[in-house]
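A.B. asks: below: sequence and its predicted model.
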Amino acid sequence: LEAAAVAENKPKPKIQKEAVPMPKQKPKVRRRNFDEVALGYTEEQAITEANRCLQCPKPQCVQGCPVEIDIAAFIRLIREGKFNDAIKKIKEKNSLPAICGRVCPQEEQCQRFCVLGKVGDPVSIGRLERFVADWERERNNAISEKALSTGKRVAVIGAGPAGLTVAADLAKLGYEAVVFEALHLPGGVLVYGIPEFRLPKSIVQAEVNYIKRLGVGLKLGYLVGRTYTISELLKKEGFDAVFIGTGAGLPQFMNVPGENLGGIYSASEFLIRVNLMKAYAFPCYDTPIRIGRHVVVIGGGNVAMDSARCALRLGAEQVCIVYRRSREELPARHEEVENAEEEGIVCKFLAAPTRFVGDEKGWVKQMKCTCMELGAPDESGRRRPVPVKGSEFVMDVDTVIVAIGRTPNPIIQQTTEGLQVTKWGTIVINEDGRTSIEGVYAGGDIATGEATVISAMGAGKKAAKAIHEYLMKK
Amino acid sequence: MYEITARRELAPKVELFEVYAPEIAQKAKPGQFVILIASGKGERIPLNVAGYDPKKGTITLVLNEVGKTTKELGLFKEGECIDNITGPLGNPSEIRKFGKVLCVAGGVMIAPMLLQVQALRNAGNMVTTVIGARIKDLLFFEREMKALSNEFYVATDDGSKGYKGLGFLKEILGKEKFDRCVVMGPVVMMKNVSELTKPFCIATVVTLTPIMVDGMGMCGVCRVSVGGKMKFGCVDGPEFDGHSVDFDELIKRQRLFLPEERLSSLLWEKLGGCSCGRK
């Protein structure tokens, strides 16, 4: 009786509505350096945040995770201070947690379903994932258990998020996975696209090393389609299946006059120079980049935000993002827009360039624009921007970065007979990731068009499962 | 790592390298290129494939020491390794029986032209070859080219050997009917030759070498205007119709990073590269 009375009187745990904030470099400092902006939780902060989790009997968060991490379980382990067990729990499903903890749009995924989100901030699942991944990397980082060798070999094309996930999952299932990467460094968009201050390259390297320790082979500088074709991989090189994860390819331009003037970069060129080739350290590194005083970035996605923030760090006086829709339609993560604006980047909404004007040396000096207004929704469901007559204006610019998307890389499609391709150039796959050729699977941006790191990883997971089922039957 | 198995000087500051790269040697065809990184902090530069030997597993590259990377490569000895070579990249040349083909090559591009002439001859074409350079000392492969060609001419900018300039092509074009013209060399030369062949309505193929970074269809820096459309040198080319290319735009785009290239080259020459040690 006494015990029951105590239980009744015991106050209900108070819901902590506010998340533990992420420690960050101050905007004034970080806007001029390439060091990571978000510094990560301390052990105390992580435990405090983990304690906010209600440990729902039927957790909603997991349905938002493309790789189905047992979120409630790993958070419970953090709460108990069992960080090592927490990371093991994550790694059952995800081989790249330090990366996902940093670049996944959790607010649209797991955290969107968190019940705490109805009364306050959702649990910061991504920050907790990052915390345990970093905690482990700084210590031992033991490898997951592996199944016995199946004696079968799988070629994975592209060492980006999709390819690395497929390779890691198949290695754990006992396959010999070999990743063919066309660039001289592994990581795909994680190394050439996402900047150092958002995802340090040493972390990508550590995650790749982990995957290598699982037994995955890595061949750099092999462009499949040119160095080998897919049919050669299957017939001559002795692979039993192939996964294509070649990612996004050629940059799109706006098709307005003057786009080939000097000082106009595609976001891909700009980011490849800065991130992959480390042009920010020119001339210590050979690859140059030239940044003017007035930089304009066209587009409103994460790539536009990354480009703008890189330009600022390279010394631009003024960086302006020009987006043809309004703030509400910005496709970039809210957190990234906030970071960019804190650093002093200005967003100009409802405007689009119509022409670039160059100087006598062929460098851009002006951008002619028109104001836009939002009309009826288009096929994407977003309201279509329409030019406003007589609203033309001119901006003085000396660097323009065009971040309006990319089309799939064409090389594999051109060199693989029998591979079915959509009219947009993406590879056709069924729900398991299988292409029109037996034993050949695909996933990530090459199959879906441009999307996120985690959705590519999700596609990789699915394909790995399908490849496993296919090879078990074969 | 790609080992240099042989090297020799073809002309002052023009070097030929044989590099062990068996996968590329298996696959390379005339007209293709590779992207190489000389060493750790190096840039990615495109170089046209000037030969391949699938049996030995080697490819041949010829370079002119003009920029930082080519100057650095100039110091590489036999047995030393190039950090990374990716290829073969770009679309192979269209090689078939055209009939009479005029091949015009200038400077370092004489090297890949030799491969081209050989392939065209093997396909049963009559080939007239013209090689040119600024001065006579910079000419190379004269003997090899002469042996392969049905007709052979030499030209220099200063007239120190053969014809002075390429104006004489007009006479040749007036006398004989060609079915195709293949041009490889500096952009200004390709522009001039394309202008010469245009009135004669000879299909003219130029090999463009715009600035590239990845070289495999990602960055878009190699964009060129061809017939008013945007094309990418790395995946749509490197060969294009010389009568449709906007050469003036290409010339401007090739000079985009000239000041940086000069700085980099100077630092390399004077100090052996930047030593600040940034990462």
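C.D. replies: Done, it's in. Residues are numbered from 1 along each chain as shown, chains lettered A, B, ... in the order given.
A.B. asks: which parts of the stretch 151-300 of chain A sit against chain B?
C.D. replies: Counting by Cβ under 8 Å from any Cβ of the partner chain, the stretch 151-300 of chain A comes close to chain B at A:182-184, A:192, A:220-223, A:226-228, A:249-251, A:253, A:255, A:259-260, A:262, A:265-266, A:268-269, A:272-273, A:277-278, A:281-288, A:290. Placement of C-beta: from N, CA and C, glycine included.
A.B. asks: equivalent analysis for the stretch 351-474 of chain A, please.
C.D. replies: Proximity of the stretch 351-474 of chain A to chain B, by Cβ under 8 Å from any Cβ, involves residues A:K361, A:G362, A:N409, A:P410, A:I411.
A.B. asks: what is the nearest of the residues you listed to A:M22?
C.D. replies: Nearest to A:M22 among those is A:N409, at 34.6 Å by Cβ to Cβ.
A.B. asks: on that earlier part again, most neighbours among the residues of the stretch 351-474 of chain A next to chain B, please name it.
C.D. replies: A:N409 (24 neighbours; other Cβ atoms under 10 Å in any protein chain shown).
A.B. asks: grab the nearest non-local neighbour of it.
C.D. replies: Using Cβ to Cβ, 6 or more residues apart in numbering or on different chains and skipping residues adjacent in sequence, the residue nearest A:N409 is A:G249, 2.9 Å away.
A.B. asks: what about the residues of the stretch 351-474 of chain A next to chain B, which are in helices?
C.D. replies: Counted as lying in helices by DSSP state H, out of these, are A:I411.
A.B. asks: so can I have TSV of the residues of the stretch 351-474 of chain A next to chain B showing pLDDT?
C.D. replies: Below are these laid out as TSV (pLDDT from 0 to 100):
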residue	pLDDT
A:K361	87
A:G362	90
A:N409	86
A:P410	85
A:I411	88
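A.B. asks: ok, so of the residues of the stretch 351-474 of chain A next to chain B, who is nearest A:Q55?
C.D. replies: Among these, A:N409 lies closest to A:Q55 (Cβ to Cβ), at 44.1 Å.
A.B. asks: mind listing what the closest one touches?
C.D. replies: A:T246, A:G247, A:A248, A:G249, A:L250, A:I446, B:M216, B:G217, B:M218 (Cβ atoms under 8 Å, 6 or more residues apart in numbering or on different chains).
A.B. asks: quickly check those residues for the two that are furthest apart.
C.D. replies: Longest span within those, Cβ to Cβ: A:I446 and B:M216, 13.6 Å.
A.B. asks: tell me the pLDDT at residue 177?
C.D. replies: You didn't say which chain, so I picked chain A. Note on A:A177: pLDDT of 97.
A.B. asks: hm, I was asking about chain B
C.D. replies: Confidence for B:K177, expressed as pLDDT, is 94.
A.B. asks: that one touches B:K100, doesn't it?
C.D. replies: Yes - judged on Cβ atoms under 8 Å, B:K177 makes contact with B:K100 at a distance of 6.9 Å.
A.B. asks: does anything pack onto the one helix or strand A:V154 maps to? Which helices or strands?
C.D. replies: Using DSSP states H and E, A:V154 sits within strand A:153-157. Using 3 or more Cβ pairs under 8 Å, 6 or more residues apart in numbering or on different chains; DSSP states H and E, the elements in contact with strand A:153-157 are helix A:161-172, strand A:176-181, helix A:230-235, strand A:241-244.
A.B. asks: got a list of contacts for it?
C.D. replies: So strand A:153-157 is contacted by A:163, A:166-167, A:170, A:175-180, A:224, A:230, A:233-234, A:237-246, A:412, A:467, A:471 (Cβ under 8 Å, 6+ apart).
A.B. asks: could you check the angle helix A:161-172 makes with it?
C.D. replies: Relative orientation of strand A:153-157 and helix A:161-172, computed by axes from the mean of the first three to the mean of the last three Cα atoms, to 10 degrees: 170 degrees.
A.B. asks: so what strands line up beside strand A:153-157?
C.D. replies: Applying DSSP bridges, strand A:153-157 is found paired with strand A:176-181 (parallel), strand A:241-244 (parallel).
A.B. asks: and the helix or strand following the last one, what does it pack onto?
C.D. replies: Yep, that's strand A:241-244 we're talking about. On the C-terminal side of strand A:241-244, the closest following helix or strand by DSSP H and E is strand A:248-251. On a contact count with 3+ Cβ pairs under 8 Å, 6+ apart, strand A:248-251 meets helix A:267-271, strand A:406-408.
A.B. asks: OK, now which residue of the stretch 1-150 of chain B is nearest to chain A?
C.D. replies: Closest residue of the stretch 1-150 of chain B to chain A, Cβ to the nearest Cβ: B:E43 (3.7 Å).
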